[in-house]
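Engineer: Pasting the sequence and the predicted model now:
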Amino acid sequence: MEILKKNYKEWKIYYLDEQKNLLDLGKKLADKEKIEEVQVFKESQRNYVSKIKFNDKYYVLKSPRNEYRIPQRRVGTLFKEGEALVTLKNITKLRNRGLTELVAPLLVAVRRTKGMIKESYIVFEYAEGKDGTENISEMIKLGLRMHELGVYHGDFNPSNFIWTKDGMKIIDTQGKKAWTPFKQRYDFITLDHDNIDDFENYAKHKKDFWYYLAVFTKKYKRLGFVSNIKKWKKKKRDKGWKI
């Protein structure tokens, strides 16, 4: 699969070569035309995620709002491609390498002002099914496959794995490269601290320096004062504070 690019007005639209039919959807997003919305999964100042219908097919539409809502992150996009485009490139590369259980991103639309991202959207294929709660072993296997390919999930919990009629699918990851084993260990620490039964029989990760660093980091983040600071920042951001 190859990623193609189309300039359209103030926008850049990226799409897979086998999904040229979605270029019209990208233009609709750019033009703010009404798109059939079937179900809203999440709508906050941080993120917007919904199930949409286009040309009689279902898709998932996501807008990662935080990267252009928070000033320091918006400035950071001067030097970065942005969450949507990074996700499209990383996941496409991983699917080309055989990890087809990753739900495919199909299209990205990005608008920049003065070099900074002002707005962005990413469209995924739609995977129907239940979360991974009842199939933790399959979830672990896919997590280990991601790690073997040198990447990590970043939010490794059952809600980000969908059990479909075609098997387990992986969602809500950027498929970023793990420069050290820390992020990969942290993936499984997330499960470990969510009280997954018989964890050691599922994940045969090494209990090395990176493992214990991940444990320490997880425990630190759960300290009362740290959690309270995060909650305070989130509350202020939701009220419009640019922090």
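Structural biologist: Received, thanks. Residues are numbered from 1 along each chain as shown.

Engineer: what are the ranges of the helices in the chain?
Structural biologist: Assigned by DSSP state H, the chain shows helices spanning 23-30, 66-69, 71-76, 83-96, 136-148, 182-192, 199-202, 209-221, 224-238.

Engineer: Just put the ones you listed in TSV and tack on mean neighbour count and mean pLDDT.
Structural biologist: Every C-beta, even on glycine, is put in place using the N, C-alpha and C of the backbone. Compiled in TSV, the helices of the chain are given as follows (neighbours: other Cβ atoms under 10 Å; pLDDT from 0 to 100):
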stretch	mean neighbour count	mean pLDDT
helix 23-30	19	95
helix 66-69	17	85
helix 71-76	13	88
helix 83-96	20	96
helix 136-148	18	90
helix 182-192	22	84
helix 199-202	14	51
helix 209-221	14	87
helix 224-238	11	69
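
Engineer: Quick one: closest of these to residue 117.
Structural biologist: helix 66-69 (4.9 Å; Cβ to Cβ).

Engineer: what helices or strands is that closest one leaning on?
Structural biologist: helix 71-76, strand 116-125 (3 or more Cβ pairs under 8 Å, 6 or more residues apart in numbering; DSSP states H and E).

Engineer: gap between that helix and the chain center?
Structural biologist: 15 Å (Cα atoms, centre = their mean, to the nearest Å).

Engineer: still on that earlier bit, can you list the helices and strands packed on helix 66-69 in JSON lines and add distance to residue 141?
Structural biologist: As requested, these are exported to JSON lines (distance: least, Cβ to Cβ, whole Å):
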{"stretch": "helix 71-76", "distance to residue 141": "34"}
{"stretch": "strand 116-125", "distance to residue 141": "21"}
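
Engineer: Which one of the ones you listed lies nearest to residue 20?
Structural biologist: Among the helices and strands packed on helix 66-69, strand 116-125 sits nearest to residue 20 (Cβ to Cβ), with 13.4 Å.

Engineer: Let's see the closest one as PDB, backbone CA atoms only.
Structural biologist: Extracted C-alpha coordinates of strand 116-125, given in PDB (Å, rounded to 0.1, in the frame of the first residue of the first chain):
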ATOM      1  CA  MET A 116       1.300  25.000  12.700                       C
ATOM      2  CA  ILE A 117      -1.600  22.500  12.600                       C
ATOM      3  CA  LYS A 118      -4.900  24.200  12.900                       C
ATOM      4  CA  GLU A 119      -7.200  21.300  12.300                       C
ATOM      5  CA  SER A 120      -6.800  17.600  11.400                       C
ATOM      6  CA  TYR A 121      -8.900  14.500  10.800                       C
ATOM      7  CA  ILE A 122      -8.100  10.800  10.300                       C
ATOM      8  CA  VAL A 123     -10.500   8.200   8.900                       C
ATOM      9  CA  PHE A 124     -10.200   4.500   9.800                       C
ATOM     10  CA  GLU A 125     -11.900   1.400   8.600                       C
END
